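**Student:** fold the following and give me the result.
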Amino acid sequence: MWLLKHFAFNDPKWNAMTTVMGSLNSFLLVLGPYWLAPFMLMSRTVTPPPSDVWCLACALVYVLGVVIMCVADAHKHFVLKVRRGLITDGIFSYIRHPNYLGEMMIYGSFAALVGHWSSYAVLVWVWGQVFTPNMLAKEHSMSRYPEWAAYHEQSGMLLPPLPALLGTSGKAK
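**Tutor:** Here you go, the predicted model:
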């Protein structure tokens, strides 16, 4: 899925050259630990195994996370091909960082299936040390646009605000 997404609507940030040490650090501090929960699932070290209902719930969260991430990445890619600027429509009209939300749902579903403290610790580490600073930097960058104040008011960082869910607020223009 990631390869298909990469070839269909590539994020240029992933094309940046990096050093060997930078790649090693990315693997050791983020990407490797991120796969702890899936490894625990595949190696059957989870005891007791999750119930069928829990597996279904986690699978639904996973699939919804993949859809949110792919929709957001595709929307961002194709809008930025046409115009530069703040994206305030589509899924971005409700959530300012749907890409992060989707990825959090994907790996959160793995951790929930495992239910082991170490899988949650990895998520706290990655989300706290990588995602949060990246989202805050992106928020700072987006704040330079004149429509930022209205957009910030009517959208949520990771979850839609309650008025947006209830349909009682207007979308950003």
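
**Student:** mean confidence for stretch 143-156?
**Tutor:** Confidence over stretch 143-156 (mean pLDDT, whole number) is 94.

**Student:** isn't there a helix covering M17?
**Tutor:** No: counting by DSSP: H, G, I helix; E, B strand; the rest coil, M17 is not found in a helix; it is coil.

**Student:** all helices in this protein, in order from the N-terminus.
**Tutor:** 2-8, 20-26, 32-34, 36-42, 52-82, 98-114, 117-126, 132-142, 148-154, 162-166 (DSSP state H).

**Student:** now those helices in CSV, with mean neighbour count and distance to G90?
**Tutor:** For glycine as for every other residue, the C-beta is placed from the backbone atoms N, C-alpha and C. Shown next, in CSV, are the helices of the chain (neighbours: other Cβ atoms under 10 Å; distance: least, Cβ to Cβ, whole Å):
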stretch, mean neighbour count, distance to G90
helix 2-8, 11, 17
helix 20-26, 11, 30
helix 32-34, 17, 27
helix 36-42, 17, 30
helix 52-82, 15, 5
helix 98-114, 21, 9
helix 117-126, 16, 26
helix 132-142, 13, 15
helix 148-154, 15, 13
helix 162-166, 12, 13
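
**Student:** where does this structure dip in pLDDT?
**Tutor:** 164-165, 167-173 (pLDDT under 70).

**Student:** which one in it is furthest away from the centre?
**Tutor:** P48 (28.9 Å; Cα atoms, centre = their mean).

**Student:** what sits against that residue?
**Tutor:** With contact set as Cβ atoms under 8 Å, 6 or more residues apart in numbering, P48 has no partners.

**Student:** returning to that earlier point: W14 is nearest to which of the helices of the chain?
**Tutor:** helix 2-8 (7.1 Å; Cβ to Cβ).

**Student:** helices and strands around that closest one, which ones?
**Tutor:** helix 52-82 (3 or more Cβ pairs under 8 Å, 6 or more residues apart in numbering; DSSP states H and E).

**Student:** hmm, back to that, if I look at the residue farthest from the centre of the chain, how far off is W54?
**Tutor:** 11 Å (Cβ to Cβ, to the nearest Å).

**Student:** ok, the residue nearest the centre of the chain to L158 distance?
**Tutor:** What sits nearest the mean C-alpha location of the chain, by Cα atoms, centre = their mean, is Y100, with 2.0 Å. Separation of Y100 from L158 (Cβ to Cβ) stands at 7 Å.

**Student:** same question, A59
**Tutor:** For A59, the distance to L158 - Cβ to Cβ - is 21 Å.
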